[in-house]
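Engineer: Can you look at this prediction? I've put the sequence above it.
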Amino acid sequence: MQNNLILYNNLSKKKESFEPLHSPFVGMYVCGPTVYSDAHLGHARPAITFDLLFRYLTHLGYKVRYVRNITDVGHLENDADEGDDKIEKKARLEHLEPMEVVQKYMNTFYRNMDQLNTLHPSIEPRASGHIIEQIELIKLLIDKGYGYVVNGSVYFDVDTYSMKYEYGILSGRVLEELQSNTRVLDGQEEKKNPFDFALWKRASAEHIMRWPSPWSDGFPGWHLECSAMSCKYLGNEFDIHGGGMDLQFPHHECEIAQSTAANGKAPVKYWLHNNMITINGQKMARSLGNFITLDQLFSGNHPVLTQQYSPMTIRFFVLQAHYRSTVDFSNEALLASDKGLQKLMKAIETLSRLKPSSECNFDFEQFNQKCYEALDDDLNSPILISYLFEAVKFINSVADGTSTISEQVLESLKQLFKTFVTDILGLKEEASVRGGEALTGSLMNIIIDLRKSARESKDWPTSDKIRNYLKEAGIVLKDTKEGVEWERIE
RNA sequence: GGUCGGUUAACCGAGUGGCUAGGUAGUGGUCUGCAAAACCAUUUACGGCGGUUCGAAUCCGCCACCGACCUCCA
C-alpha cells in the first residue's frame, strides 16, 4: 500500500514516513479516559485527534484496528489533599457502588464522543476486565527479574531494566536526574528506588475495588493496563500509540519499560502526542474555576460562555489547530469557529445547487493534491481547512455568477467535499430538525406566500411585519434571487 | 531548580530564509425598498536585544513571559 503520510514520531522527535509493520494492517492504541467524572475538553482533544488519524488511515485504505482503553480501576486523587481512590471517593460521596460510578461516567463519555461524531474504536477494553492479563504480565516480569514483591505489592525495578535497556527514551529523562530531582514522599519506602513504579498494589482495608492475586488482594498499577491490553489486542509490536502530551512521562515511559522488559523489544513504532488545551490562556483546572465539561459547552451553561456551542463547533475548533499545538479556548474563539463552520457547511449546500457551464476556472487536480498534502504532512488539518475555505470562496463566486465551473469539476468537487469534510474531518450537518418539522415547513410556505403577495402590492409594512414576527419566533427570512429562504436562528 | 515546548496582527490559528495561510471581527464598495447572505477591495503581525546573511518573523545566542512534565496514584 502506497502513501505519502508523514507523522511526527515523538520517539525520534522527527517527522517520519508512515510505514506500517504489516501493511495493510495498522494497529493503533490510544489512552482513553479514567471514568470518574464528566467528560471535558481535555477528553475531546485526543478523541478528535486520533479519530482524524483513524479516519484518514482508513480512507487511505488501511485496515486499522483502533484500541482505546477505559480506565476503571484504582485511581488516586491527584489534586486532593490526601491520596484517595478517585472512583471510590466519588462512590462514597454519591453513595454508589464503584462500578456504578464507572458505568455512569462511561455512558456520559460515550454519549459525548458520539455527539462529537468520533467513530468508536474497534475495541474499547476496560482495565477491570483484564485483571488476569495484567497478573500474568506481572508474573512474567517477576520471572524475568524486572519486578520485586514487597508487602504484597509489586514494583518494577527500573535500575535492572536500565542495565539492559534505556529508560527514558521517550521523554528524554535521565535516570540520575530523576533520582536527584525526586522529592521524598510518603508511601515510597517500599521501593528500592523512588523512580520505580507499581505493578500491583496491595489494597488497604477501606479500598473497595480489589482483586485477588498471588501477592495480595489489591489492584494493578496504572501503567500496566495499557501494556497488557495493547499486547493482547495488537501484539508485542504495533504501529501507533497515541495520547495526551501529559501522559508522556511517566505513563508512556513506564509502558515502554514494562512491554520491552516483558517481550524483549520496543512495543511501539510511532508515538504520537496531542498537545493540551488552555482556556483564556490558562490551563484548565477545577481549582481555577475554568473547568468546562462537554455537556456545559453543548448547553452553554457555564459563566465563561455567552451561548451554547454545538458538538460540531467544538470539533471544528479543535481541528482548526494543529494537534501538536496547544489550543486556547475562549468564548470569542468559539464564536469565530461557529461562524466559520456555518459558512463551510452552507457552501456544501450551495455546491449541491450549482449549475455547471462549459467554462471552468478552477484547477481541481491541483486543489485535490494540495488537500492530500496537507493531511499527509503530519495531519495538518488547519491547512486543509484553509484550502477548503479557498474552495468555499470559489463555490460562492460561482453561485454569484462571477466564476464558472464545468460539470466534471462540479462532480469532483462535490466528491472531494464529501471525502474531506464528511469522511475525514468528520463534520456533519447538525440536526436542527425537531418535532413537527413537516408542519413547520408547510406553515412557512403559507406565510412566505402571504408575504409575497404583500410585496407584490408594495405593501412594505405588512411584509416587514411578517418578517419581524418570524424573527421573534426564531426564524429568519432571506430574499434571494431564487426565491425566499428561511432558517432557524440558533 | 531540572527537562522539553511555546510567544504571529482586535481574537483564534497556519507557515516559510526572499513569493506577506485561513476563520472571526473591523472598514469601504457591489447587490438590495430595507435587511440578511454572497461577492470585490482593504487596515492592525511575527515577545525583547544582539549575531549570521545580499536578505530573517523564519537560523544562532542571551533575556523576558507562558505552558507541560519532573510524585504516590491514574
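Structural biologist: Noted; the coordinates are in hand. Numbering: from 1, shown residues only, chains lettered A, B, ... in the order given.
Engineer: number of nearby residues for residue A:11?
Structural biologist: Applying other C-beta atoms under 10 Å, we find 17 residues neighbouring residue A:11. The way it works is simple: take the backbone N, C-alpha and C, and place the C-beta from them, glycine included.
Engineer: you'd agree residue A:40 is up against residue A:295?
Structural biologist: No - Residue A:40 is beyond contact range of residue A:295, at 9.2 Å (criterion: C-beta atoms under 8 Å).
Engineer: Mind checking which of those two has more residues around it?
Structural biologist: Neighbours per residue, other C-beta under 10 Å: of residue A:40 and residue A:295, the larger number sits with residue A:40, 20 against 16.
Engineer: in the stretch 301-450 of chain A, which spans are helices?
Structural biologist: If DSSP state H, counting those that start in this stretch is used as the criterion, the helices of the stretch 301-450 of chain A fall at A:311-319, A:331-353, A:364-376, A:381-399, A:407-417, A:437-456.
Engineer: looking at the ones you listed, which is buried most?
Structural biologist: When the helices of the stretch 301-450 of chain A are scored by mean count of other C-beta atoms under 10 Å, the highest mean neighbour count falls to helix A:311-319 (a mean of 24).
Engineer: hey, C-alpha coordinates of that one in PDB?
Structural biologist: Written as PDB, here are the backbone C-alpha positions of helix A:311-319 (Å, rounded to 0.1, in the frame of the first residue of the first chain):
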ATOM      1  CA  PRO A 311     -20.600  19.500  19.200                       C
ATOM      2  CA  MET A 312     -19.600  20.100  15.600                       C
ATOM      3  CA  THR A 313     -18.400  23.600  16.500                       C
ATOM      4  CA  ILE A 314     -16.200  22.100  19.200                       C
ATOM      5  CA  ARG A 315     -14.900  19.500  16.700                       C
ATOM      6  CA  PHE A 316     -14.300  22.100  14.100                       C
ATOM      7  CA  PHE A 317     -12.500  24.400  16.600                       C
ATOM      8  CA  VAL A 318     -10.200  21.600  17.600                       C
ATOM      9  CA  LEU A 319      -9.400  20.700  14.000                       C
END
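Engineer: quick check: domain ranges of chain A?
Structural biologist: Residue ranges for each domain of chain A read A:20-274, A:278-424, A:437-488, as given by automatic domain parsing.
Engineer: Please tabulate the ones you listed in a markdown table, including the columns distance to RNA strand B and mean pLDDT.
Structural biologist: Rendered in a markdown table, the data for the domains of chain A read as follows (distance: least, C-beta to the nearest atom of the strand, whole Å; pLDDT from 0 to 100):
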| stretch | distance to RNA strand B | mean pLDDT |
| --- | --- | --- |
| domain A:20-274 | 3 | 88 |
| domain A:278-424 | 2 | 90 |
| domain A:437-488 | 4 | 80 |
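Engineer: May I see the ones you listed organised as JSON lines, with distance to residue A:7 added?
Structural biologist: As requested, the domains of chain A are exported to JSON lines (distance: least, C-beta to C-beta, whole Å):
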{"stretch": "domain A:20-274", "distance to residue A:7": "6"}
{"stretch": "domain A:278-424", "distance to residue A:7": "6"}
{"stretch": "domain A:437-488", "distance to residue A:7": "40"}
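Engineer: Pick the most deeply packed of those.
Structural biologist: For the domains of chain A, average neighbour numbers computed from mean count of other C-beta under 10 Å are highest in domain A:20-274, which has a mean of 19.
Engineer: Straight-line length of that domain, end to end?
Structural biologist: Counting by C-alpha to C-alpha, to the nearest Å, you get 20 Å between the two ends of domain A:20-274.
Engineer: that older thread, make CSV out of the helices of the stretch 301-450 of chain A and add distance to residue A:135.
Structural biologist: As requested, these are arranged in CSV below (distance: least, C-beta to C-beta, whole Å):
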stretch, distance to residue A:135
helix A:311-319, 38
helix A:331-353, 46
helix A:364-376, 42
helix A:381-399, 41
helix A:407-417, 51
helix A:437-456, 55
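Engineer: Can you tell me which of these is nearest to residue A:429?
Structural biologist: Each of the helices of the stretch 301-450 of chain A was scored for nearness to residue A:429 using C-beta to C-beta, and the closest is helix A:331-353 (5.9 Å).
Engineer: Could you check the angle the closest one makes with helix A:407-417?
Structural biologist: Helix A:331-353 and helix A:407-417 meet at an angle of 140 degrees, taking axes from the mean of the first three to the mean of the last three C-alpha atoms, to 10 degrees as the criterion.
Engineer: Identify all contacting residues around helix A:331-353.
Structural biologist: Outside helix A:331-353, the residues within contact range by C-beta atoms under 8 Å, 6 or more residues apart in numbering are A:304-307, A:309-310, A:312-314, A:316-317, A:320, A:385, A:388-389, A:391-392, A:395-396, A:399, A:410, A:413-414, A:417, A:421, A:427, A:429.
Engineer: Over to stretch A:275-283?
Structural biologist: With contact meaning C-beta under 8 Å, 6+ apart, stretch A:275-283 is reached by A:41-42, A:45, A:244-246, A:284, A:288, A:290, A:292, A:304, A:323-330.
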